[in-house]
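# Just a sequence and a predicted model for now, questions to come.
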Amino acid sequence: MRGLAIGLAAAALLAGCGGSSPSQPAGSTKVTMTEFKFDPSSISVAHGKVVFFLVNSGTTQHDLAIRDSSNNRVAVSELVSAGDSSIFTVDNIAAGTYTVFCTQQGHEASGMKGTLTVT
């Protein structure tokens, strides 16, 4: 019985280790990242403050970058480890059409890109 109690205590301690993934905030836009795509690949949001809930269902790190029509980076999320999620906030994005892509080497070229339409 004592061994079971020690095992349960160890399992509880290990469960508390590692990265903690946040819950999806109300009103946020969920984007799932895998090798090598975003789901959805076409995203529509209202201008102003935009909150993305990024979920990495892949096996390697991914991020989400936003590039405008002049090829300028507007914003880039933090890297999200495989199996984790992250909240990515863009404080003031203007109406327009943008490209979203993963900045990790070779990911965009492998198809990890999409369109962000801001109305």
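Arrived safely, thanks for sending. Numbering: from 1, shown residues only.
# Just list the residues touching S110, thanks.
S110 makes contacts with E35, F36, as judged by Cβ atoms under 8 Å, 6 or more residues apart in numbering. Heads up, the C-betas are built off the backbone N, CA and C, glycines and all.
# isn't there a strand covering it?
No: assignment of S110 by DSSP: H, G, I helix; E, B strand; the rest coil gives coil, placing it outside any strand.
# Distance of it relative to T34?
Distance of S110 to T34, given as Cβ to Cβ, to the nearest Å: 11 Å.
# what's the answer for I66, then?
The spacing between I66 and T34, counted by Cβ to Cβ, is 19 Å.
# Between those two, which is the more surrounded one?
Taking other Cβ atoms under 10 Å, I66 and T34 do not tie; I66 has more neighbours (22 against 16).
# any idea which helix or strand carries the more buried one?
Using DSSP states H and E, I66 sits in strand 65-67.
# From the contact counts, what lies against that strand?
The contact analysis (3 or more Cβ pairs under 8 Å, 6 or more residues apart in numbering; DSSP states H and E) places strand 65-67 against strand 73-76, strand 96-101.
# Repeat the analysis, applying 10 Å as the threshold.
Strand 65-67 is packed against strand 73-76, strand 85-93, strand 96-101, strand 113-118, with contacts defined by 3 or more Cβ pairs under 10 Å, 6 or more residues apart in numbering; DSSP states H and E.
# which neighbours does the third one have in its sheet, and in what orientation?
It refers to strand 96-101. strand 65-67 (antiparallel), strand 113-118 (antiparallel) (DSSP bridges).
# ends of stretch 72-86, how far apart?
End-to-end span of stretch 72-86 (Cα to Cα, to the nearest Å): 23 Å.
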